[in-house]
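**Q** Fold the following, please.
(chains A and B)
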2 protein chains.
Amino acid sequence: MKLLQIDFPYSGAMGDEMAEGFNELAKSISKEKGLVFKIWTENAHTQEAGGIYIFEDLTSLETYLKMHIKRLESFGVTGIRYKIFDINEPLSAITKAPL
Amino acid sequence: MKLLQIDFPYSGAMGDEMAEGFNELAKSISKEKGLVFKIWTENAHTQEAGGIYIFEDLTSLETYLKMHIKRLESFGVTGIRYKIFDINEPLSAITKAPL
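**A** I've put the predicted structure just below:
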């Protein structure tokens, strides 16, 4: 499994309003090849949003990331920061990660 | 729930060797007040490590973060980057997040 950590400046709707606006997008993301799950992140104080994704493998992650960056840019998002990580599964199991 | 995203330059052991070395630390972290879970992240190519944490509330997260930064610094870690986020729970539920 691979983890994608992504965040960017965002001043649009958050909370329930964001949940309504991105409902269809979330349904689409849930069907992406190799996706295990995505946690949607938002911070109204710092005006940032992003996501923590788990993918089954690096190829699925990289294919999604390339497409998602283009999609974010098409929404007018700039300043996208991302990092790709391996997961230390034995340590994560001890700290109760549901993987 | 609140999410803490933290990463830093790291050139020590990773994988199984890291899992052995940090076994006791992981057990200790698993008992931290308010912790829901931690995913341990590592990247041998970029020489970075970190974690994605979910806490029950901001107070628990901030108490842990303050202590953990001191602990990392005592290990010689510098260049620590972190971000605190709210979780958009309706969207995360659609994208299969186990929260």
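**Q** Tell me if the helix or strand containing residue A:66 is near chain B.
**A** For residue A:66, the host element (DSSP states H and E) is helix A:58-74. No: using Cβ under 8 Å from any Cβ of the partner chain, helix A:58-74 never reaches chain B; the gap is at least 11.0 Å. Where C-beta positions appear, they are placed from N, C-alpha and C, glycine not excepted.
**Q** for stretch A:45-52, same thing?
**A** Yes: Stretch A:45-52 is in contact with chain B by Cβ under 8 Å from any Cβ, via A:46, A:48, A:50, A:52.
**Q** Got a ChimeraX select line for the buried ones in those?
**A** Selection of buried members from the residues of stretch A:45-52 next to chain B for ChimeraX, criterion 16 or more other Cβ atoms under 10 Å in any protein chain shown:
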select /A:48,50,52
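**Q** Could you list which of the residues of stretch A:45-52 next to chain B belong to helices?
**A** Using DSSP state H, no member of the residues of stretch A:45-52 next to chain B falls within helices.
**Q** Put together a markdown table for the residues of stretch A:45-52 next to chain B, with distance to residue A:80 on each row.
**A** Formatted as a markdown table, the residues of stretch A:45-52 next to chain B follow (distance: Cβ to Cβ, whole Å):
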| residue | distance to residue A:80 |
| --- | --- |
| A:46 | 15 |
| A:48 | 11 |
| A:50 | 9 |
| A:52 | 15 |
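**Q** of the residues of stretch A:45-52 next to chain B, closest to chain B?
**A** Nearest to chain B among those is residue A:52, at 5.3 Å by Cβ to the nearest Cβ.
**Q** Please name the residues that touch the closest residue to residue A:29 other than its chain neighbours.
**A** Among residues not flanking residue A:29 along the chain, residue B:95 sits closest, at 5.2 Å (Cβ to Cβ, 6 or more residues apart in numbering or on different chains). Counting by Cβ atoms under 8 Å, 6 or more residues apart in numbering or on different chains, residue B:95 touches A:26, A:29-30, A:35, A:37-40.
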